[in-house]
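Undergrad: Let's see this in three dimensions:
(chains A and B)
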Amino acid sequence: DAGVIQSPRHEVTEMGQEVTLRCKPISGHNSLFWYRQTMMRGLELLIYFNNNVPIDDSGMPEDRFSAKMPNASFSTLKIQPSEPRDSAVYFCASKSGQSSNQPQHFGDGTRLSIL
Amino acid sequence: QQQVKQSPQSLIVQKGGISIINCAYENTAFDYFPWYQQFPGKGPALLIAIRPDVSEKKEGRFTISFNKSAKQFSLHIMDSQPGDSATYFCAASGASGTYKYIFGTGTRLKVLA
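TA: Down below sits the predicted model:
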C-alpha cells in the first residue's frame, strides 16, 4: 500500500521566493495534517483538514503561510514570501475515521532550506 | 494544560538493556496515547498506542505502561538493539473532540552494540 507521498523531498531556495509543498494522503483517509519539525520547537501542527475542510489553522505561523486541499487526494502548503526562519522539515500526515484514536500516518517530509 | 512533557531528552543504553521513556500530561480529556519512532530522514512512524481504559499494552519488545491517576505513561523497550536507535515521540489526542496530536519533545535513543 502506498503511504503518504510528499514532494519535493528537498527544496533549497532564496528568501523572498514562493515555496509550494505537496502532499498526497493515503487513499480513503479523510483527515490531513501539516506539521513543521525543527530542533528548537520539535513537531508543531500547522493546520489540519477534515473531509477537505480546514478545521484548525491556529498553528499557521503567519499570513505568509497558506494551505489548501482542493480534493481528497491532494493538499498544498504554500509559503510566500519565504524567509530563512522557515527552514525546517515539513511533514504531511493523514488518518481515517471519525475518532481521535485512529493513528496518523506520516510522509517522509520535505526538507526546506531558505537561503 | 495542552502540554505533554517527555523525558529524558536523550538516552544511551547497552545492547540487551531496557530503555524507558516517560511522558506526563495534564488534560484528562485525552483519550489516545500513541508512541512514534523516527529514523533520520524519515517521517515518524506509529510504534504502539494505548487508550486510558487499559494499564498496559505489549507488542513484541515494546510495552506501554499507563497510569491514569498519575497522568503518566511510559514506553519500555526490552532487549534493546542497535536498530532501535532512533528518536521516540509520545503524543496525546482526543481533547476538545479534535484529532490533534499534542507531541512530546522527543527522546533520542542510542543503543550501543
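Undergrad: partners of the helix or strand of chain B with the lowest mean pLDDT, with directions?
TA: Among the helical and strand segments of chain B, the one scoring lowest on mean pLDDT, DSSP states H and E is strand B:101-103, with a mean of 91. Looking at strand B:101-103 with DSSP bridges, its partner strands are strand B:86-93 (antiparallel).
Undergrad: who's in contact with the residue lying closest to A:Thr38 once chain neighbours are set aside?
TA: What sits nearest to A:Thr38 in space, not counting adjacent residues and going by Cβ to Cβ, 6 or more residues apart in numbering or on different chains, is A:Ala88, at 4.7 Å. Every residue, glycine included, has its C-beta placed from N, CA and C. The contact partners of A:Ala88, by Cβ atoms under 8 Å, 6 or more residues apart in numbering or on different chains, come to A:Arg36, A:Gln37, A:Thr38, A:Leu112.
Undergrad: Neighbouring strands of the host helix or strand of the last one in the sheet, and parallel or not?
TA: Element membership of A:Leu112, judged by DSSP states H and E, is strand A:110-114. Each strand paired with strand A:110-114, and its direction, by DSSP bridges: strand A:10-13 (parallel), strand A:88-95 (antiparallel).
Undergrad: Tell me which residue lies nearest the centroid of chain A.
TA: Nearest to the geometric centre of chain A sits A:Trp34, at 3.0 Å (Cα atoms, centre = their mean).
Undergrad: Who are the contact partners of A:Leu45?
TA: Listed by Cβ under 8 Å, 6+ apart, the contact set of A:Leu45 reads A:Phe33, A:Trp34, A:Tyr35, A:Asp56, A:Gly59, B:Lys100, B:Tyr101.
Undergrad: Can you lay out the residues you listed as CSV showing distance to B:Gly16 and secondary structure?
TA: Listed next are the contacts of A:Leu45 as CSV, based on distance: Cβ to Cβ, whole Å; DSSP: H, G, I helix; E, B strand; the rest coil:
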residue, distance to B:Gly16, secondary structure
A:Phe33, 37, strand
A:Trp34, 40, strand
A:Tyr35, 34, strand
A:Asp56, 44, strand
A:Gly59, 41, coil
B:Lys100, 37, coil
B:Tyr101, 32, strand
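Undergrad: Dump these into JSON lines; add distance to A:Ala2 as well.
TA: Converted to JSON lines, those look like this (distance: Cβ to Cβ, whole Å):
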{"residue": "A:Phe33", "distance to A:Ala2": "18"}
{"residue": "A:Trp34", "distance to A:Ala2": "19"}
{"residue": "A:Tyr35", "distance to A:Ala2": "20"}
{"residue": "A:Asp56", "distance to A:Ala2": "26"}
{"residue": "A:Gly59", "distance to A:Ala2": "27"}
{"residue": "B:Lys100", "distance to A:Ala2": "25"}
{"residue": "B:Tyr101", "distance to A:Ala2": "22"}
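Undergrad: No more questions from me, cheers.
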